[in-house]
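J.: Give me coordinates for this.
(2 chains)
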Amino acid sequence: MEPAPPVISVADLHKSYGDVHAVDGVSFEVGKGEVFGLLGPNGAGKTTTVEILEGINKSDSGKVSVLGLDPNLDATQLKERIGVQLQTAALYPNLTVVELIDVFRSFYKHSLPTSQLISDYGLEERKSGLTKELSGGQRQRLSVALAMVNDPELIFLDEPTTGLDPQARRSLWDRVAALKQEGRTVVMTTHYMEEAEQLCDRVAIMDHGRILELGTVDEVVSGHFKERSVRFGTVPAFDDAHLAQLRAVTRVAHETDETVLYTTDVPATIGDLDRLADQVGAQNLDVAVKRPTLEDVFLELTGRALRD
Amino acid sequence: MSRFTRGLVPLTIANVKSYVRDRGALFWTIAFPVLFVVLFGSIFSGGPTTFNVGWVDQDQSPAATHLRAGFAEVSLLNLKDASQDDALAQMRDGKLDAVIVVPAGLGAAMTSGGSGAAGSPFQLILYTDPSKQSSSGTIQQVVGQVVGGINQQLSGKPPTIAVQPQTLQTQNLTNAAYFVPSILAMALMQLGVFAAIPLVAQREKQILKRLSATPLARSTLVGSNVFTRLLIAVVQTLIIVGIGAVLFGVSVLQPLAVAALVVLGAVTFVSIGYVIASYARTEDSANTLASVVQFPLMFLSGIFFPIAFMPQWLQPVAAFLPLTYLGDALRQTMVGGAAYAPLYIDVLVLAGWLVVTFLISARYFRWQ
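T.: Modelled structure (predicted):
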C-alpha cells in the first residue's frame, strides 16, 4: 500500500522582509492525523512559516504544498479546507458568541452547525454574551471554535494556551487531543515545552528562520542528551569529589537546594548513591530521576530560554 | 453565489450590530448632527418668521395704496405705517427690520404712462440692516419679487408670472432651510471620513488577518463596510430631514435627487475616509487624521454660512473642497435657494473626488 501523501510538504522555503531573512531555507513534512509543533522564540520565523502555509502570506521561493494545493496560487480553495486560530487576533467585541460564529460560518461553502460548535467548546452558558465579556479561557475556546466552523481537515493553532490558567489549558489540550482522534491534522506553535511534549507527535525547533531540530520529542531530546539527571535534596555529608566517582556519573551540579547528577546509566548511579548514603548514615534520600526536556535542548541549541 | 456576495449580508448585519452597540460611534453619527440641527435651527431661526417693515408713504396717491396692498398680501411682511423719521428711529431701536419709503411722485409717474419712456424707473427706497444678513437678504428678495410682479401688472400685458406667496417662501432661504441641508452634508462628511477607522482598528487588532485566513474576499469586506455606512447615512438623512420638517417646516423639493446625492456624497466621503486610513498606522492616528480633515471641511465649505460671506482669500479654498459641492447640491435639491455652482458641476466635482480617492486608497491601503 502506498503511504498517504503528506498533508503539508515544505521544501527550502525562503521569505525575506528587506534584509531580514524571516524564513531561511525551511523544509519539513506533516502527515495526515499528525499533531506537529513549531517551537521557537519570537522572531524565529514560526509565524511567517505558518502564514505562508495558510495562504495569507506569500513565499519568496521554495516548494510548498498544503492539502495538495499551492497556497500561493490556490489560496481561496485552500482556505475553505483549513482552520486558523490566531493567538493575538481580537474578535468583534460587540457581537455575541452565536452571532460571531454565524458570521464566520457565512464565509464558507460548508460549515458545522453553530449549536455543535457551542457545545463542543463549552460555550453554552455564554452563547448570548458579547465576546468582549468572555474570560480568557472562553475567548480562547471561541477562537478555536471559529477555526473549526468549516469542519477543516487541517487546523493551525497559534499559541493556543498562552495566558490561560492550568485548568483552562488542560481543557484545551483535551480539545486538541479530540481533534487528533477525529483524524484531523494539527499544526501548532507554542512556547510551552510541556504542551509540546503532551500534544505533539513531532516538533520542529526553529530559530533565526531555520529549523534546528526536527523529530519526535524523544528523538529530539535523546539526540542531544544521552544523560538523565538524578536529583536529591542536598546532603551536607556528601562531597562532590565522591559523587563524581559514582558509576556512570558524567557531571555533578547544584540547583538551589538540590544536587543533580548527570548519568548515562540511571540504575548503576542510584545503586552507588544508596551505598554512599549508607556509608555516611544519610537517610530517606528523596531521589527523583528526570530526563532532559525540550527546554534543555532549546537552551543548549540557542543559549537562551524559549520564553524570552 | 459569487465570491463577492458570499458573507456580504451577514457581515454587513454584523457591522451594523457592532455599530449600534458602540455608543460612542452612535453619538457622533446620529446624536451629534441632530444636536446641531436642533441647536442651530433654534438659535438662528428662533425669531419671528415675519418681518416688521415700516411703510412710509410720501406720495399718498391711489398707486401708492395699490402698491401697499401688494406688499400687505405677503404674509412674511408685517407693514407698519409711519413717517420716515419715525420709521427710521424705530428701526434703529430694533422695532422694525426694514423700512420702505415711497417718495412723492409715484402717482404722477404712473399716470404719465409708466416709467418706460422716461428711461429711469421710479425709485422705491428700502432700508435694511446689513448686519442682519439673513433677514435683510430675505426682505430684499421679497421686496424685489413684489415689485417685479407689480411691474408686470403695470406693463399692461397679462401677467405671465403671478406673484404667489408660496413661491416666495420656497425661494426665500430661512436659516433653518439653509442649515438642514448643510448639516445633512456635514453628517455625511463625518460619517465618511471616519468610515475606514473600523478597518484600521481591525487591522491593528489582527481581525483583518484572521479574516484573511477565511475564503472571505477583500472586496466583500470593503463592500460590507461601505454598505454599512450607506445604511447609517440613510438613517441619518431620515432623522435630519425629519427634524427639519417637523421642527422647522423645511420640506424636500426633489426627494429622488436628494436620495441620489446622499448616496453619492456618502460614497465619496467614505472613499476619502479610506485614503485617511491608508496613511494612518493605528486607530488613534487615523482618528486624529480624520479630525484634522473634518474641521477645515466643516468651516470652509459653506456649511454654517454662505461662502460669499467668507474672506476673499479663503474662497478659492472652498471652491476646492468636496463638501462645498455636496452642501450646495443638497441645498439646491432640498430647499431651492441660490446655487453656488450648477447642479451638474456639483455632481461632477463629487464624482471626481470619488474616483481619485478610490484609486489612491485602492493603491495604498495596507491590509497588514
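
J.: Just the element for residue 146, please.
T.: By default, I'm working from chain A. Taking DSSP states H and E as the criterion, A:Leu146 maps to helix A:136-147.

J.: Correction: the question concerned chain B.
T.: In the assignment (DSSP H and E), B:Val146 maps to helix B:133-154.

J.: Now for the residue in the stretch 151-300 of chain A that chain B sits nearest to, which secondary structure element holds it?
T.: Closest to chain B within the stretch 151-300 of chain A is A:Phe156: 8.0 Å, counting by C-beta to the nearest C-beta. Heads up, the C-betas are built off the backbone N, CA and C, glycines and all. Element membership for A:Phe156 (DSSP H and E) is strand A:154-158.

J.: Report the inter-axis angle for that strand versus helix A:136-147.
T.: Interaxial angle of strand A:154-158 relative to helix A:136-147 (axes from the mean of the first three to the mean of the last three C-alpha atoms, to 10 degrees): 150 degrees.

J.: pLDDT wise, what is whichever residue of the stretch 51-200 of chain B sits closest to chain A at?
T.: Of all residues in the stretch 51-200 of chain B, B:Pro198 sits closest to chain A, at 9.8 Å by C-beta to the nearest C-beta. pLDDT recorded at B:Pro198 is 85.

J.: ok, the nearest residue to it once chain neighbours are set aside - how many residues close by?
T.: Nearest non-adjacent residue to B:Pro198, counting by C-beta to C-beta, 6 or more residues apart in numbering or on different chains: B:Asn225, 6.8 Å away. Neighbourhood size, B:Asn225 [other C-beta atoms under 10 Å in any protein chain shown]: 21.

J.: which parts of the helix or strand B:Asn225 falls within are buried?
T.: Element membership of B:Asn225 [criterion: DSSP H and E] is helix B:218-248. Along helix B:218-248, these residues count as buried under the neighbour rule (16 or more other C-beta atoms under 10 Å in any protein chain shown): B:220-233, B:236-237, B:239-241, B:243-244, B:248.

J.: following it, which helix or strand comes up?
T.: helix B:255-279.

J.: and the angle from that following helix to helix B:218-248?
T.: 130 degrees.

J.: Could you list every helix and strand in contact with helix B:255-279?
T.: helix B:175-193, helix B:197-204, helix B:218-248, helix B:283-300, helix B:322-335, helix B:343-364 (3 or more C-beta pairs under 8 Å, 6 or more residues apart in numbering or on different chains; DSSP states H and E).

J.: Spatially nearest residue to B:Phe227, not counting backbone neighbours?
T.: Of all residues not flanking B:Phe227 in the chain, B:Thr12 sits nearest, at 4.9 Å (C-beta to C-beta, 6+ apart).

J.: Name the SS class of that neighbour, please.
T.: In three-state terms, and counting by DSSP: H, G, I helix; E, B strand; the rest coil, B:Thr12 is helix.

J.: who's in contact with it?
T.: Counting by C-beta atoms under 8 Å, 6 or more residues apart in numbering or on different chains, B:Thr12 makes contact with B:Ser224, B:Phe227, B:Thr228, B:Leu231.

J.: contacting residues for the third one?
T.: Remark: with contacts taken as C-beta under 8 Å, 6+ apart, B:Thr228 is in contact with B:Thr12, B:Asn15, B:Val16, B:Tyr19.

J.: List the contacts of the strand holding A:Phe156.
T.: Contacts of strand A:154-158 (C-beta under 8 Å, 6+ apart): A:7-8, A:47, A:50, A:53-54, A:66-67, A:81-88, A:144, A:147-148, A:176, A:179, A:184-189.

J.: Pull the residues that contact whatever helix or strand comes next after that strand.
T.: Going down the chain from strand A:154-158, the next helix or strand is helix A:166-181, by DSSP H and E. With contact meaning C-beta under 8 Å, 6+ apart, helix A:166-181 is reached by A:33, A:35, A:120-122, A:136-137, A:140-141, A:144, A:155, A:157, A:160-161, A:164, A:186, A:188, A:195, A:198-199.

J.: Would you mark the buried spots in the helix holding B:Val146?
T.: Neighbour-count burial for helix B:133-154 flags B:134-139, B:141-143, B:145-147, B:149-150, B:152 (criterion: 16+ other C-beta under 10 Å).

J.: Quick check: residues of the stretch 101-250 of chain B near chain A?
T.: Within reach of chain A by C-beta under 8 Å from any C-beta of the partner chain, the stretch 101-250 of chain B has these residues: B:Lys205, B:Gln206, B:Ile207, B:Lys209, B:Arg210, B:Leu211, B:Ser212, B:Ala213, B:Thr214, B:Pro215, B:Leu216, B:Ala217.

J.: Can you flag which of the residues you listed belong to helices?
T.: Judged by DSSP state H, those include B:Ile207, B:Lys209, B:Arg210, B:Leu211, B:Ser212 as members of helices.

J.: you'd agree the last one is up against B:Trp367?
T.: Think B:Ser212. Yes. Taking contacts as C-beta atoms under 8 Å, B:Ser212 lies within contact range of B:Trp367: 6.9 Å.

J.: quick check: angle from the helix holding B:Asn225 to helix B:343-364?
T.: 140 degrees.

J.: roughly how far out does helix B:218-248 sit from the chain middle?
T.: 17 Å (C-alpha atoms, centre = their mean, to the nearest Å).

J.: re the thing from before, for the buried residues of helix B:133-154, point out the one with the lowest pLDDT.
T.: Within the buried residues of helix B:133-154, pLDDT reaches its minimum at B:Ser134, with 65.

J.: ok, B:Gly54 touching B:Arg92?
T.: No. Counting by C-beta under 8 Å, B:Gly54 does not reach B:Arg92; the two are 11.1 Å apart.

J.: higher neighbour count, these two?
T.: A side-by-side neighbour count of B:Gly54 and B:Arg92, using other C-beta under 10 Å, places B:Gly54 first with 24 against 10.

J.: Check which helices and strands the strand or helix carrying that one is in contact with.
T.: Assessed by DSSP H and E, B:Gly54 sits inside strand B:51-57. For strand B:51-57, the packing partners by 3+ C-beta pairs under 8 Å, 6+ apart come out as helix B:62-72, strand B:77-81, helix B:84-92, strand B:98-102, helix B:133-154.

J.: Which residues of the stretch 101-250 of chain A lie near chain B?
T.: Residues of the stretch 101-250 of chain A lying close to chain B by C-beta under 8 Å from any C-beta are A:Asp102, A:Val103, A:Phe104, A:Ser106, A:Phe107, A:Tyr108, A:Lys109, A:Leu130, A:Leu146.

J.: switch to 7 Å and redo it
T.: By the rule C-beta under 7 Å from any C-beta of the partner chain, the part of the stretch 101-250 of chain A lying against chain B is A:Asp102, A:Val103, A:Phe104, A:Ser106, A:Phe107, A:Tyr108.

J.: Just put the residues you listed in a markdown table and tack on neighbour count, secondary structure and pLDDT.
T.: Shown next, in a markdown table, are these (neighbours: other C-beta atoms under 10 Å in any protein chain shown; DSSP: H, G, I helix; E, B strand; the rest coil; pLDDT from 0 to 100):
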| residue | neighbour count | secondary structure | pLDDT |
| --- | --- | --- | --- |
| A:Asp102 | 17 | helix | 95 |
| A:Val103 | 24 | helix | 95 |
| A:Phe104 | 28 | helix | 95 |
| A:Ser106 | 19 | coil | 94 |
| A:Phe107 | 21 | coil | 94 |
| A:Tyr108 | 21 | coil | 95 |
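
J.: mind checking which helix or strand the residue nearest the centre of chain A is in?
T.: With distances taken as C-alpha atoms, centre = their mean, the residue of chain A nearest its centroid is A:Ala196 (3.5 Å). For A:Ala196, the host element (DSSP H and E) is helix A:193-199.

J.: and that helix, which residues are buried?
T.: A:Met193, A:Glu195, A:Ala196, A:Glu197, A:Leu199.
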